[in-house]
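*Asks:* could you work out the structure for the sequence below:
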Amino acid sequence: MTRMQHWLTNILRWFDSEAGSDHIDTTSRSFNFLRVIPFIALHLACLLAFYTGVSAFAIGFAIAFFLVRMFAITGFYHRYFAHKTFKTSRPAQFVFAVLGASAAQRGPLWWAAHHRHHHQHSDDVQDLHSPHQGGFWWSHMGWFTCDAGFATDERRVRDWLKFPELKLINRFDALVPALAAVGIYALGEALAAWAPGLGTNGLQLLVWGFFISTVVLFHATVSINSLSHVWGKRRFETSDDSRNNFWLALLTLGEGWHNNHHRWPQSVRQGFRWYEIDITWYGLWLMSKLGIIWELNPIPKHIQEETRELDRMRRSRQ
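*Replies:* Next up is the predicted model:
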């Protein structure tokens, strides 16, 4: 492949993640600038907030869109597509795949494949985003700026390949967030015309409701990679260095109970005690009561007993 072909292929992969897949070096950990230009541009676009100003509506919309998409990532990209901790219908599966994709964290198959690899090799030399192998910045965002982080290893997600709609979302993973951005801009323009009292407009709502909301959502999500394997408490002696972190659990709707999760990833719950706030679990429980999802995998009794015993031992040492 010539240098020009290499450049064109990387630009094409902004729109079609499978473009030039035969030429991707999945072992390369070198920074690929061309491939991550949209990611850099997304961050730079947040600076437009100094031009657009802010309104209460724009902030409220940004928070709401953050929460909806964070739930789609934690509840479905993670606990459903990666770990299959519950079942749902095909339409619901599709809806939450689209919502998750709108977070600009790639497609559901890519996300699940990388996460399954992480659990198999957590914190060892093959773990692509371990802070103990590459340091903070590498585990936080360096790992997906290289060719090793771009491809979807379909061998790890064979169970999802029978759904063409999921493969389509995964292949054209930039399309959903792009359409979301267009829709948010259009909403802002409509509100500027029909509800001027809200004090917002298309560009302002785009900047706060999409650019800033998406960037904050991204960094909150990947903080589990970079921080939850370094800072926090270890209840269980797992084979990695996963930790429970209350503050990250609040920020990520329950994902911060990471040591719990690595002890028993098959559970739909990550907060193993009643006081371990797991907002994703509360949402999934409500969805089960509404019949949207079912067959939720509980925390097994032996894990519950182990949790109580370890907590009792910790208290006795204090």
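
*Asks:* every contact and neighbour count from this point should use C-alpha atoms.
*Replies:* Fine.

*Asks:* poorly predicted segments of the protein, please.
*Replies:* Where the chain drops to pLDDT under 70, the residues are 1.

*Asks:* go again using 80 as the cut-off
*Replies:* 1-7, 9-10, 19-29, 318 (pLDDT under 80).

*Asks:* for it, what spans make up the strands?
*Replies:* For the chain, the strands defined by DSSP state E occupy 87-88, 293-294.

*Asks:* just send the ones you listed back as TSV, with mean neighbour count and distance to residue 201 too.
*Replies:* Formatted as TSV, the strands of the chain follow (neighbours: other C-alpha atoms under 10 Å; distance: least, C-alpha to C-alpha, whole Å):
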stretch	mean neighbour count	distance to residue 201
strand 87-88	17	37
strand 293-294	18	37
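
*Asks:* residue 261 is in contact with residue 236, correct?
*Replies:* No - with contact defined as C-alpha atoms under 8 Å, residue 236 does not reach residue 261; the gap is 10.0 Å.

*Asks:* how many other residues sit next to the residue nearest to residue 222 when sequence neighbours are not counted?
*Replies:* Closest residue in space to residue 222, ignoring its immediate chain neighbours: residue 140 at 5.6 Å, by C-alpha to C-alpha, 6 or more residues apart in numbering. Neighbour count of residue 140, defined by other C-alpha atoms under 10 Å: 23.

*Asks:* quick check: the gap between residue 140 and residue 166.
*Replies:* Separation of residue 140 from residue 166 (C-alpha to C-alpha, to the nearest Å): 26 Å.

*Asks:* distance to residue 100 added to the strands of the chain, as JSON lines?
*Replies:* Output for the strands of the chain, formatted as JSON lines (distance: least, C-alpha to C-alpha, whole Å):
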{"stretch": "strand 87-88", "distance to residue 100": "16"}
{"stretch": "strand 293-294", "distance to residue 100": "17"}
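
*Asks:* for the residue nearest the centre of the chain, give me its contacts.
*Replies:* The residue lying closest to the centre of the chain (C-alpha atoms, centre = their mean) is residue 73, at 4.6 Å. When contacts are counted by C-alpha atoms under 8 Å, 6 or more residues apart in numbering, residue 73 touches 100, 103.
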